[in-house]
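Trainee: need a structure here:
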Amino acid sequence: MERALDKIVNALSGIAAIWLILLAVVIFFEVTGRGLFGAFLGGDEIVSNSVPAIVFLQVPLAIHSGSMLRTTIVYDHLGPRGRNFINGLAYVVGLILFFAIAVGGWEDMIKGWEIKEYQGIGALEVPVYPIRTIIIGSALLTVLVYGSLLVRIFVRHGESSEPGPIEGAGP
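Mentor: Numbers count the residues shown, from 1 in each chain. Have a look, this model is predicted:
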């Protein structure tokens, strides 16, 4: 399961990277269109809906690879059991938080698909329901990531079981 999770979080991160490049192109054309022609192309709606999706596509990899920002003032002075306790507590809190995000947004996601929810007026209307689906799906995947990290703590009995670099992640 760990290898499958590695592949999935890396694939989502790749999708987010490509999406970010496309978003940069959209912003370039929006700025150029406004500056040269005074034309409003509707890039604001695309950007405002893309940013949360990109973030949520990146979160599972950031957590799985251990690259989330953390303060280690106390952590560095603890042994393996203390580190496992802090990690376990953080994983449980993260699991609960992302599960709450998924549960809390589930109904809005379903309703969005039913009514084909769009945002924007006039020049460009952007579908919101796929973005809601990405957020809910990524939140559920993040719950799985936190669950796998918790399992890792219990399997390694006493050894420090911090998330670390995974194949194909980062430089």
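Trainee: hey, where'd the strands end up in this protein?
Mentor: Along the chain, counting by DSSP state E, strands occupy 118-119, 126-127.
Trainee: Quickly note the distance from the residue sitting furthest away from the middle of the chain to K111.
Mentor: Taking CA atoms, centre = their mean, the residue of the chain most remote from its mean C-alpha position is F37, at 36.2 Å. Distance of F37 to K111, given as CB to CB, to the nearest Å: 38 Å. Where you see a C-beta, it was placed from the backbone N, CA and C, and this is true even at glycine.
Trainee: and what of G137?
Mentor: Using CB to CB, G137 is found at 16 Å from K111.
Trainee: The two: who's more crowded?
Mentor: The neighbour comparison of G137 against K111 (other CB atoms under 10 Å) goes to G137, with 16 against 12.
Trainee: Against I8, how distant is that one?
Mentor: Taken as CB to CB, the span from G137 to I8 is 10 Å.
Trainee: Equivalent analysis for L144, please.
Mentor: For L144, the distance to I8 - CB to CB - is 9 Å.
Trainee: what does F56 give?
Mentor: 14 Å.
Trainee: cool, R70 as well?
Mentor: Taking CB to CB, one finds R70 at 23 Å from I8.
Trainee: Pick out whichever of these two has more residues nearby.
Mentor: Neighbour comparison, R70 and I8: the larger count goes to I8, with 16 against 12 (by other CB under 10 Å).
Trainee: which non-adjacent residue is nearest the residue most central in space within the chain?
Mentor: In the chain, the residue lying closest to the centroid (CA atoms, centre = their mean) is F56, at 2.3 Å. Among residues not flanking F56 along the chain, S138 sits closest, at 3.8 Å (CB to CB, 6 or more residues apart in numbering).
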